[in-house]
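> Got a predicted model here, sequence first, then my questions.
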Amino acid sequence: MADAAVKEKTATTAEAEQDLTDGFHLIIDALKLNGVKTIYGVPGIPITDFGRMAQAAGIRVFSFRHEQSAGYAASIAGFLTKKPGICLTVSAPGFLNGLTALAHATTNCFPMILISGSSEREIVDLQQGDYEEMDQLAIAKPLCKAAYRVLHAQDIGIGVARAIRAAVSGRPGGVYLDLPAKLFGQVIDAAKGEKSLVKVIDAAPAQIPAPEAVKRALDVLKSAKKPLIILGKGAAYAQADDAIRSFVEKTGIPFLPMSMAKGLLPDTHPQCAGAARSTVLKESDVVLLIGARLNWLLSHGRGKAWGDAPKKFIQVDIEPKEMDSNVEIAAPVVGDIGSCVSALLDGLGAKWPAPPADWIKTVTEKRETNVAKMAPRLQNNNVPMDYHGALGVLRTIVKERPDAILVNEGANALDLTRGIIDVYQPRKRIDVGTWGVMGIGMGYAIAAAVETGKPVLAIEGDSAFGFSGMEIETVCRYNLPVCVVIFNNDGIYRGTDVNKGGGSDPATTVFVKGARYDKMIEAFGGVGVNATSPDELKRAVNAAMDSGKPTLINAVIDPAAGSESGRIGNLNPQSKISKK
Ligand SMILES: Cc1ncc(C[n+]2csc(CCOP(=O)(O)OP(=O)(O)O)c2C)c(N)n1
Ligand SMILES: [Mg+2]
């Protein structure tokens, strides 16, 4: 071919290409149009190039070592930002690995979208044995709020928009978006493609509570002799921090924060009843729940923990079905937390009566007694460390660095940290959530560092850490300011259990004695420290928080220090026969 002809042909091809777009680019454009800045995932067929292109287009794409951690990262990104966190997985096994996190997001009411590549529909539906064959849409459906599949490039805009709106509107949750391999390469006219994109306007519309509902709630609250406010993680999610604080302070009512609502008002606030939990649950007569559900974490609102005295519940929640789920709700207030609390605040007026003084006195005295009882235990310098000695120093570090995000999982390592470490700012404590699930640790730590730019302190049981431990390579690779403290007590709950069958197998709950988790991070260029005393622990954590370098501290805890299942040993079924 003559030179000119070659040139002309190249020009025509380039021109034609300029006028075309494809599935890859439309998905990226749709996500960017809707403000998506981060994706958490694991590459592979059919989404490897998609990840590369998204990165090239300016989205931060975090590659994990396992999809479950990427999914947990996306779920907590949703909680922290009120925008859906995005997890990206390959077909069948990658999808299934991500699915636990999607279900977790739904259970915890975190907005998240699991985007998964999938294999060829024609082959999957005829069950002809495609590469990574699975009917992913059908499997995802019961575990999430909504599930969609996009088959045509021109529908990508609508598909992404629906996924976003479903994830964040009403009660937030997990959404599945199925993108078959063929879709990525589908080519359409660029102008048509651009027109097909949808920017989601007002993705989570305010849901204003009915004025009668607000009045009813305030009437019930006013009638209380022993009122209590319980703040749940829904209240933390709402980012209505000022309104919630004003409401609590204007009413003067003692408040009890659920685990991830700690810090909405500081745990050291004079109205905080965290250290008098059992007293306020038993003795209160009117309980106002704000973004907290009466599930197992609150003993379903009945039984021994709640005492015999009659109680009235007021519940603020965006989901009408939540009302009366466990006990009668005397005053349901349905709407988004921000709108509901603002309406309640307006309704208080100028002359809201303070709660009866004897109730405040009861709560304050109980709280002070419990805090005083705990204080000396937190100052012990025992070697090997117990949980209290180790947590005593970590508690001070968190007090000095209130903007750091605390990630926490384990059994004793969870329950004792929750009880001992005060939190001072909203959304600074993220943990195992509604399921009490192990494995959120490194995914949460990574997303918390990425989404907030703040330093992260992860306090992990040695078992809990193991579920996502390989992600410390991810922490090092992205050079994130994450300090992981492993409470290493040689096992699950305790490292002292013995195999009752004899023989050489270890007991089911114990791990390698004296394991050195700190060595793991050194393999990836991070800082590893073995800390055997509270002083060493304090020095190592402070150095990590000052430097911002990825750090893993193996905190050696007395293997006999913990108790079975931490604070929830009562949930274990008992055999009447084997106990002789
Ligand atoms: C996904 C999942 N698997 C298993 C469990 C059961 N479980 C509850 S706590 C726990 C580990 C507790 O040990 P560790 O993290 O070392 O904390 P410790 O009590 O020893 O401080 C396990 C395995 C769970 N909650 N979630
Ligand atoms: Mg342990």
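Nice, thanks for sending it over. Numbers count the residues shown, from 1 in each chain. Ligands and ions are numbered 1, 2, ... in the order given.
> How about the secondary structure of the residue of the stretch 51-200 of the chain found nearest ligand 1?
Residue nearest to ligand 1 within the stretch 51-200 of the chain: Thr100 (7.9 Å; Cβ to the nearest ligand atom). Where you see a C-beta, it was placed from the backbone N, CA and C, and this is true even at glycine. Look at Thr100: counting by DSSP: H, G, I helix; E, B strand; the rest coil, its state is helix.
> And for Ile360?
Secondary structure, three-state DSSP: Ile360 is helix.
> Equivalent analysis for Thr434, please.
What three-state DSSP gives for Thr434 is helix.
> so how far is Ala224 from it?
For Thr434, the distance to Ala224 (Cβ to Cβ, to the nearest Å) stands at 28 Å.
> Of the two, which one has the most company?
Between Thr434 and Ala224, counting by other Cβ atoms under 10 Å, Ala224 is the more crowded of the two (21 against 16).
> is the closest residue in space to that one that isn't next to it in sequence in a bridge, and if so with what?
Spatial nearest neighbour of Ala224, chain neighbours left out: Val286 (3.5 Å); criterion: Cβ to Cβ, 6 or more residues apart in numbering. Assessed by DSSP bridges, Val286 has beta-bridge partners Pro227, Lys312.
> in terms of contact, does Val286 touch Leu218 like I think?
No: taking Cβ atoms under 8 Å as the definition, Val286 is not a contact partner of Leu218, at 11.1 Å.
> who touches both of those two?
Common contacts of Val286 and Leu218 (Cβ atoms under 8 Å, 6 or more residues apart in numbering): none found.
> Who are the contact partners of Arg162?
Arg162 is in contact with Ala146, Tyr148, counting by Cβ under 8 Å, 6+ apart.
> repeat that with 7 Å
Contact analysis of Arg162 by Cβ atoms under 7 Å, 6 or more residues apart in numbering lists Tyr148.
> what about it, which helix or strand?
For Arg162, the element it lies in under DSSP states H and E is helix 156-168.
> tell me the mean pLDDT over that helix?
In this model, helix 156-168 carries a mean pLDDT of 98.
> again with stretch 509-523
The model assigns stretch 509-523 a mean pLDDT of 98.
> Spell out whether it and ligand 1 are in contact.
No: no part of stretch 509-523 sits close enough to ligand 1 to count as contact by Cβ under 6 Å from any ligand atom; the gap is at least 8.0 Å.
> buried sites along that stretch?
Of the residues in stretch 509-523, Val510, Phe511, Ala515, Tyr517, Asp518, Met520, Ile521 count as buried by neighbour count, 16 or more other Cβ atoms under 10 Å.
> Number of residues surrounding the residue nearest to Ala203 when sequence neighbours are not counted?
Nearest residue to Ala203, sequence neighbours excluded (Cβ to Cβ, 6+ apart): Val168, at 4.9 Å. Burial of Val168 is recorded as 24 neighbouring residues (other Cβ under 10 Å).
> With Val287 instead?
The number of residues packed near Val287 is 29, by other Cβ under 10 Å.
> and the nearest residue to Trp359 once chain neighbours are set aside, backbone torsions?
Among residues not flanking Trp359 along the chain, Lys226 sits closest, at 4.6 Å (Cβ to Cβ, 6+ apart). Reported as degrees, to the nearest 10, the phi and psi values for Lys226 are phi -140, psi 70.
> try Ile397
Main-chain torsions, Ile397, degrees, to the nearest 10: phi -60, psi -40.
> Next one, pLDDT for the closest residue in space to it that isn't next to it in sequence please.
Nearest residue to Ile397 in three dimensions, chain neighbours excluded: Val541, at 5.4 Å (Cβ to Cβ, 6+ apart). For Val541, the pLDDT comes out at 98.
> who are the neighbours in contact with Val541?
Val541 is in contact with Leu394, Ile397, Cys483, Val485, Ile553, counting by Cβ under 7 Å, 6+ apart.
> what do you get for Ile440?
By Cβ under 7 Å, 6+ apart, the residues touching Ile440 are Tyr72, Glu409, Val432.
> same deal with Leu298?
Leu298 touches Ala292, counting by Cβ under 7 Å, 6+ apart.
> One more pass at 8 Å, please.
Counting by Cβ under 8 Å, 6+ apart, Leu298 has contacts Ile230, Met258, Leu281, Ala292, Ala305.
> Which of the contacts of Ile440 ranks first by neighbour count?
Neighbour max across those (other Cβ under 10 Å) = Tyr72, 37 neighbours.
> Phi first, then psi, for that residue.
Main-chain dihedrals, Tyr72, degrees, to the nearest 10: phi -60, psi -40.
> And the residue of this structure closest to ligand 1?
Ligand 1 sits closest to Gly461 of the chain, with a gap of 2.0 Å, by Cβ to the nearest ligand atom.
> Just the CA atoms of stretch 375-383, as CSV, please.
The C-alpha trace of stretch 375-383 is given here as CSV (Å, rounded to 0.1, in the frame of the first residue of the first chain):
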residue,chain,number,x,y,z
ALA,A,375,-8.7,2.2,87.5
PRO,A,376,-6.0,0.3,89.5
ARG,A,377,-6.3,-2.7,87.2
LEU,A,378,-5.5,-0.6,84.3
GLN,A,379,-2.2,0.6,85.9
ASN,A,380,-0.7,-2.8,86.5
ASN,A,381,2.7,-3.4,84.9
ASN,A,382,2.5,-7.2,85.0
VAL,A,383,4.7,-9.4,82.9
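> Distance check, the residue of the chain closest to ligand 1 against Gly569.
Gly461 is 15 Å from Gly569, by Cβ to Cβ.
> Over to Ser463?
16 Å.
> Find the residue at the geometric middle of this protein.
Closest to where the C-alpha atoms of the chain average out (Cα atoms, centre = their mean) is Ile76, at 4.0 Å.
> Hmm, that one is touching Phe110, no?
Yes: counting by Cβ under 8 Å, Phe110 is a contact partner of Ile76 at 6.9 Å.
> hey, what's in contact with both of these two?
The contact sets of Ile76 and Phe110 overlap at Gly85 (Cβ under 8 Å, 6+ apart).
> So which residues on the stretch 51-200 of the chain come close to ligand 1?
Residues of the stretch 51-200 of the chain lying close to ligand 1 (Cβ under 6 Å from any ligand atom): none.
> what residue ranges in the stretch 51-200 of the chain score low on pLDDT?
Along the stretch 51-200 of the chain, segments meeting pLDDT under 70 are nowhere present.
> For the residue of the stretch 251-400 of the chain found nearest ligand 2, give me phi and psi.
Nearest residue of the stretch 251-400 of the chain to ligand 2: Tyr387, at 10.0 Å (Cβ to the ion). When read as degrees, to the nearest 10, the backbone of Tyr387 gives phi -60, psi -40.
> Now it: closest residue in space that isn't a chain neighbour?
Nearest non-adjacent residue to Tyr387, counting by Cβ to Cβ, 6+ apart: Leu416, 4.5 Å away.
> does the one you found sit in a helix or strand, and which one?
Here Leu416 sits within helix 412-420, counting by DSSP H and E.
> how about that helix against ligand 2, any contact?
No: using Cβ under 5 Å from the ion, helix 412-420 stays clear of ligand 2, coming no nearer than 6.3 Å.
> Please enumerate the helices of the stretch 451-580 of the chain.
462-466, 472-477, 518-522, 534-547 (DSSP state H, counting those that start in this stretch).
> and Met53, which of those helices is closest to it?
Met53 lies closest to helix 472-477 among the helices of the stretch 451-580 of the chain, at 20.3 Å (Cβ to Cβ).
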